[in-house]
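Colleague: Mind looking at a prediction? Sequence and model below.
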Amino acid sequence: MAIHFTPLIARFVESMNAHDSAAFITCFAPHAIVEDEGHTHRGTAEIEAWIKQAFADYQPILEVASVTDMEAGAVITGPVSGPFPGSPVVLNYDLTIAQDRIAALKCAV
């Protein structure tokens, strides 16, 4: 069965896999919050700094296994691979979406 991508989710996944931080950050609302690896990043400046470092350190490639629509967003699940210990690891990206932008993102195993 094909996985349905909204334009926002498609842009999120494509920019992540291209390691394009400029395109990635356009997915987020100005005051968005990201929680990843025990850290919280607030606002697009902090989120852009976080993702630039993540792209440099992990070179992640997300293979989307599922997208589950939720009342206030979506959960993207799939293996993430790259040159890091334990690769690949299955991650859940829990997105809260408001006005066609990501307002909050939680990354978890």
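Modeller: Ah, there it is.
Colleague: which residues touch the helix or strand bottoming out on mean pLDDT in the chain?
Modeller: Ranked by mean pLDDT, DSSP states H and E, the weakest helix or strand in the chain is strand 66-70, scoring a mean of 93. The contact list for strand 66-70, computed with CB atoms under 8 Å, 6 or more residues apart in numbering, reads Ile3, His4, Phe5, Ile9, Ala74, Val75, Ile76, Thr77, Gly78. To be clear about C-beta, it is placed using only N, CA and C from the backbone, and glycine gets the same treatment.
Colleague: partners of it in the sheet?
Modeller: strand 73-81 (antiparallel) (DSSP bridges).
Colleague: List the strands paired with the helix or strand just after the strand it pairs with, with their directions.
Modeller: Remark: after strand 73-81, the chain's next helix or strand is strand 89-98, criterion DSSP states H and E. Counting by DSSP bridges, the strands paired with strand 89-98 are strand 73-81 (antiparallel), strand 101-108 (antiparallel).
Colleague: which parts of the shortest one are buried?
Modeller: Meaning strand 101-108. If you call a residue buried by 16 or more other CB atoms under 10 Å, then strand 101-108 has these buried ones: Arg101, Ile102, Ala103, Ala104, Leu105.
Colleague: any idea which of those residues is the one closest to Arg42?
Modeller: Closest approach between these and Arg42, by CB to CB: Ala104, at 10.2 Å.
Colleague: pLDDT at that closest one, what is it?
Modeller: Note for Ala104: predicted pLDDT of 98.
Colleague: Please determine how far it is located from Phe5.
Modeller: Going from Ala104 to Phe5 by CB to CB, to the nearest Å gives 19 Å.
Colleague: All set, thanks.
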